[in-house]
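Colleague: here's a sequence, model it:
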Amino acid sequence: GMLGALLLIWRDWVASPVGPRTFVAAPAGSPSFGTLAAAVGSARAGDLISLEPGTYPEQLILPDGVSLKARVAGASVFVRPAGAPDGWVAITAAGDGGGTIAGVRVASTPEAAIDVGVRLSGHGRLLELIQIDGPVRTGIDLAADGSMAVQGSHFSLAGPAIVVAAGSQLEVAGSIFVAGTAHRPSATGGPDDGTYPHAITVGDGARVMLRHNVFSGFGPDPFAGLPAADREQMRAGNVVVTAGPSAVR
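Modeller: Presented below is the predicted three-dimensional model:
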């Protein structure tokens with residue numbers, strides 16, 4: 001009767017999880033943990049996916065509000081698999097539920113080049129201890145009217161490390177930006193290809209705050225799209241090394 005139905009509902013409510021959950025994922029073939037795809041399929045807003053060390057030759061679409069953290073910073077590496085189509089994006093996250101992406105590395109090679117390391121839209125994502133290196137067209141791509149923060153991360157790539165679309169908000173602190181080897185200055189003082197790249201490209205109306213970062217090998221002006229006054233302020237609050245990436249260890 002009615003009492004029995006209410007009892008069943010109460011039991012289901014008590015048995016259902018009410019707090020954030022952690023899913024441990026490992027590269028395919030691990031005898032101890034499930035795959036990343038399985039963790040993504042089960043996770044919901046507020047949950048955490050913890051990555052075991054290893055190579056992940058796959059694209060990740062992270063659900064809104066779900067966090068991703070490598071158990072060992074720099075040891076969980078996303079790569080483009082052999083035979084994958086062009087325009088490869090390693091990690092995509094959208095939505096306004098926030099969440100953290102921490103400790104992962106995106107590694108691109110000439111043989112398996114990655115187009116975008118991390119593509120974000122929406123608000124409230126924190127990226128920390130991220131490493132993106134190799135021939136990547138864009139390290140992090142933030143869509144229009146979005147917001148994110150980057151802390152303690154390392155970028156060493158040929159293209160811009162961060163592209164901020166119009167109307168977005170970006171805060172970066174304590175990170176290192178190194179121009180890829182294709183842009184290292186020559187013995188005559190200029191880069192090998194005759195132009196300096198930009199570490200961060202900013203769209204119209206975007207707001208950017210940069211504090212305590214190091215920019216190496218990008219020439220005297222690592223920023224594109226900033227008004228002159230903002231550019232000088234950014235230079236004052238960060239370290240700009242024009243001698244080349246070899247100056248940063």
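
Colleague: residue 74: how many residues sit nearby?
Modeller: 14 (other Cβ atoms under 10 Å). From N, CA and C alone the C-beta is placed, and that goes for glycine too.

Colleague: list the contacts of it.
Modeller: With contacts defined as Cβ atoms under 8 Å, 6 or more residues apart in numbering, residue 74 is in contact with 103, 105, 129, 131.

Colleague: and for residue 38?
Modeller: 23, 25.

Colleague: reformat the contacts of residue 74 as a markdown table; add secondary structure.
Modeller: Output for the contacts of residue 74, formatted as a markdown table (DSSP: H, G, I helix; E, B strand; the rest coil):
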| residue | secondary structure |
| --- | --- |
| 103 | coil |
| 105 | strand |
| 129 | coil |
| 131 | strand |
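
Colleague: now the buried members of those residues.
Modeller: 103, 105, 129, 131 (16 or more other Cβ atoms under 10 Å).

Colleague: where exactly do the helices run in the protein?
Modeller: Under the criterion DSSP state H, helices of the chain are mapped to 2-15, 36-42, 228-236.

Colleague: mean pLDDT for the ones you listed: which is lowest?
Modeller: Set side by side, the helices of the chain differ in mean pLDDT, and helix 2-15 is lowest with a mean of 52.

Colleague: distance of residue 62 relative to residue 94?
Modeller: Using Cβ to Cβ, to the nearest Å, residue 62 is found at 8 Å from residue 94.

Colleague: between these two, which one's more packed in?
Modeller: residue 62 (21 against 16).

Colleague: OK, contacts around the nearest residue to the more buried one once chain neighbours are set aside?
Modeller: Among residues not flanking residue 62 along the chain, residue 93 sits closest, at 4.2 Å (Cβ to Cβ, 6 or more residues apart in numbering). Contact analysis of residue 93 by Cβ under 8 Å, 6+ apart lists 61-62, 64, 99, 101, 118-122, 125.

Colleague: lowest-confidence helix or strand of this protein?
Modeller: Taking mean pLDDT, DSSP states H and E as the measure, helix 2-15 is the helix or strand of the chain with the lowest mean score, a mean of 52.

Colleague: turn the contacts of residue 74 into TSV, including pLDDT and distance to residue 78.
Modeller: Converted to TSV, the contacts of residue 74 look like this (pLDDT from 0 to 100; distance: Cβ to Cβ, whole Å):
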residue	pLDDT	distance to residue 78
103	98	12
105	98	7
129	98	14
131	98	10
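
Colleague: give me the low-pLDDT residue ranges for this protein?
Modeller: 1-18, 181-195, 243-249 (pLDDT under 70).

Colleague: confirm for me that residue 97 is in contact with residue 67.
Modeller: No: using Cβ atoms under 8 Å, residue 97 is not in contact with residue 67; the gap is 10.0 Å.

Colleague: between these two, point out the one with more neighbours.
Modeller: With neighbours defined as other Cβ under 10 Å, residue 97 and residue 67 compare such that residue 67 has more, 23 against 18.

Colleague: if we can go back for a sec, would you turn the contacts of residue 74 into CSV with distance to residue 217?
Modeller: Shown next, in CSV, are those (distance: Cβ to Cβ, whole Å):
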residue, distance to residue 217
103, 25
105, 20
129, 22
131, 17
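
Colleague: closest to residue 26 out of those?
Modeller: residue 103 (14.6 Å; Cβ to Cβ).

Colleague: next one: that closest one from residue 112, what distance?
Modeller: 22 Å.

Colleague: pretty sure residue 124 is touching residue 100, no?
Modeller: No: distance between residue 124 and residue 100: 9.8 Å, which falls outside the contact criterion (Cβ under 8 Å).

Colleague: neighbours of residue 219, just the number please.
Modeller: 19.

Colleague: identify the residue nearest it in space, chain neighbours excluded?
Modeller: Nearest to residue 219 is residue 196, by Cβ to Cβ, 6+ apart, at 3.2 Å.

Colleague: quick one: residues contacting the one you found.
Modeller: 179, 183, 218-219, 221.
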